[in-house]
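> Here is my input, please return the structure:
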Amino acid sequence: MYNWVLKWSESPYGPLALFILAFCESIFFPIPPDVLLIALALGCSAKSFRFALNCTVGSVAGAFVGYAVGHYAWISDNGEFTAFANFFFNHIPGFSVSLFNSIKTLFNEWDFWVIFTAGFTPIPYKVFTVTSGVFDINLLMFFIASIISRGARFFLVAFLIWKFGPGIKRFIEKYFNLLALGFTAFLIGGFVLIKYVI
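You can find the predicted model right below:
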């Protein structure tokens with residue numbers, strides 16, 4: 001599947017494939033759009049930021065569909081998981097009942113930061129878009145957190161390729177997830193410090 005995604009970078013439909021991939025990854029698709037974004041940006045670094053914008057818009061649009069899935073199709077009238085929800089738990093990588101329940105606790109305390117963290121780091125974003133809908137997270141806050149985090153992630157990748165060229169590809173593939181987690185922990189840690197210590 002990874003190789004299939006990469007092949008789209010050689011197609012004239014690469015930008016459209018990037019939008020669709022980013023859209024679907026926010027709902028159910030297991031391969032992150034960064035893979036195709038990197039390949040397209042390396043093929044034409046002058047368009048790196050256009051590809052990043054394309055990826056951001058697709059991802060945030062998909063996030064709203066994921067939200068709608070969670071809001072309308074996840075829990076039945078009697079409070080049980082629907083057959084649709086169980087299909088996700090059984091067949092879509094990244095979804096599990098235990099993770100779903102732990103996310104509910106996170107949302108109760110952190111709301112914006114949970115979505116931001118999922119959008120910027122390698123944590124499966126789709127799980128959080130769907131659960132945001134299930135737990136009726138404020139839509140405006142959901143939109144702002146999604147666009148900031150997804151935009152920051154994709155534009156950072158585009159900037160690195162635009163600035164450093166093909167030599168940065170190996171660095172991004174090897175260290176991006178670690179750096180993203182570190183940056184997010186540092187950012188959230190700062191706000192926790194402000195809230196509870198200062």
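> how near is Ile75 to Phe164?
Separation of Ile75 from Phe164 (CB to CB, to the nearest Å) stands at 46 Å. In short, each C-beta sits where N, CA and C put it, glycine included.
> ok, now Met141?
34 Å.
> buried stuff in the helix or strand encompassing Asn54?
Using DSSP states H and E, the element containing Asn54 is helix 48-73. For helix 48-73, the neighbour count (16 or more other CB atoms under 10 Å) marks 48-49, 51-52, 54-60, 62-67, 69-71, 73 as buried.
> So which elements touch it?
Judged by 3 or more CB pairs under 8 Å, 6 or more residues apart in numbering; DSSP states H and E, the packing partners of helix 48-73 are helix 14-25, helix 34-43, helix 83-91, helix 125-134, helix 139-164.
> So which residues make contact with the helix or strand following the shortest one?
In other words, helix 83-91. Using DSSP H and E, the helix or strand that follows helix 83-91 in sequence is helix 97-110. By CB atoms under 8 Å, 6 or more residues apart in numbering, the residues outside helix 97-110 that reach it are Phe81, Phe89, Val114, Val127, Phe128, Thr131, Ser132, Val134, Phe135, Ile137.
> Now with 6 Å, please.
Phe89, Val114, Thr131, Phe135 (CB atoms under 6 Å, 6 or more residues apart in numbering).
> what's the spacing between the helix holding Asn54 and its chain's center?
The chain centre lies 8 Å from the centre of helix 48-73; the measure is CA atoms, centre = their mean, to the nearest Å.
> One more: stretch 130-142?
15 Å.
> I'd like the mean pLDDT over it, please.
Here stretch 130-142 scores 92 as its mean pLDDT.
> May I have it as PDB, with CA atoms only?
The C-alpha coordinates for stretch 130-142 follow below in PDB (Å, rounded to 0.1, in the frame of the first residue of the first chain):
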ATOM      1  CA  VAL A 130     -14.300  10.300  14.800                       C
ATOM      2  CA  THR A 131     -14.200  10.500  18.600                       C
ATOM      3  CA  SER A 132     -14.600  14.200  18.400                       C
ATOM      4  CA  GLY A 133     -17.900  13.700  16.800                       C
ATOM      5  CA  VAL A 134     -18.900  11.000  19.200                       C
ATOM      6  CA  PHE A 135     -18.200  13.300  22.200                       C
ATOM      7  CA  ASP A 136     -19.700  16.400  20.600                       C
ATOM      8  CA  ILE A 137     -16.500  18.400  20.800                       C
ATOM      9  CA  ASN A 138     -17.200  22.100  19.900                       C
ATOM     10  CA  LEU A 139     -17.000  22.300  16.100                       C
ATOM     11  CA  LEU A 140     -15.200  25.700  15.900                       C
ATOM     12  CA  MET A 141     -12.600  24.500  18.400                       C
ATOM     13  CA  PHE A 142     -12.200  21.300  16.400                       C
END
